[in-house]
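S.K.: make a model of this:
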Amino acid sequence: MATIVKTLSLRAASFALHQACSKVLPAIARYGIDPTTPEEKKRHIIHSLCKPLSDCLLGTHDSMSSGAALCLKALVDSDNWRFASDDMVNEVFQNNAGALEENPRQTNTHMSLVMACFGQAQ
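M.R.: Residues are numbered from 1 along each chain as shown. Here you go, the predicted structure:
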């Protein structure tokens, strides 16, 4: 996760690079979680993937915040999001709302994350 966060924080990080990172995250979850994995371990894997990115949502670096939202959206859209704890879901949602409030220019990727979260809640 440190490599993904570092990549998102690069000033030269493009949208294409953000998209590449957003494809890696669900793949990590997919290969890290199998049917025999205990439930608590599944929650831990999702938490370890989400927490650093959730923290990045509130960052002052627009590109990193936007990239984190795109990566989190990809994870929310994945089948493994169902293993996220209620606390992690709440944190992602709260931090995303905070990012939208702090910087209204970041609406595209952040609103996509909001829509994905609502889609999973139904």
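S.K.: at the geometric centre of the protein, which residue do we find?
M.R.: L72 (1.8 Å; CA atoms, centre = their mean).
S.K.: list the buried residues of the host helix or strand of K41.
M.R.: Secondary structure assigned from DSSP states H and E places K41 in helix 39-57. In terms of neighbour count (16 or more other CB atoms under 10 Å), helix 39-57 has its buried residues at K42, R43, I45, I46, H47, L49, C50, L53, S54, C56, L57. Heads up, the C-betas are built off the backbone N, CA and C, glycines and all.
S.K.: name the residues that touch it?
M.R.: 1-2, 4-5, 8-9, 25, 28-29, 32-33, 37, 64-65, 67-69, 71-72, 75, 80-81, 83-85, 88, 91-92, 95-96, 98-99, 110 (CB atoms under 8 Å, 6 or more residues apart in numbering).
S.K.: equivalent analysis for stretch 85-93, please.
M.R.: With CB under 8 Å, 6+ apart as the criterion, stretch 85-93 contacts 43, 46-47, 50-51, 54, 57, 72, 76, 84, 113-114, 117.
S.K.: for T60, which three-state class applies?
M.R.: coil (DSSP: H, G, I helix; E, B strand; the rest coil).
S.K.: ramachandran coordinates for it?
M.R.: phi -80, psi -10 (degrees, to the nearest 10).
S.K.: ok, which stretches of this protein are helices?
M.R.: According to DSSP state H, the chain carries its helices in the segments 2-9, 15-32, 39-57, 62-77, 86-102, 107-121.
S.K.: okay, these, which one's buried deepest?
M.R.: helix 62-77 (a mean of 24; mean count of other CB atoms under 10 Å).
S.K.: no further questions, thank you.
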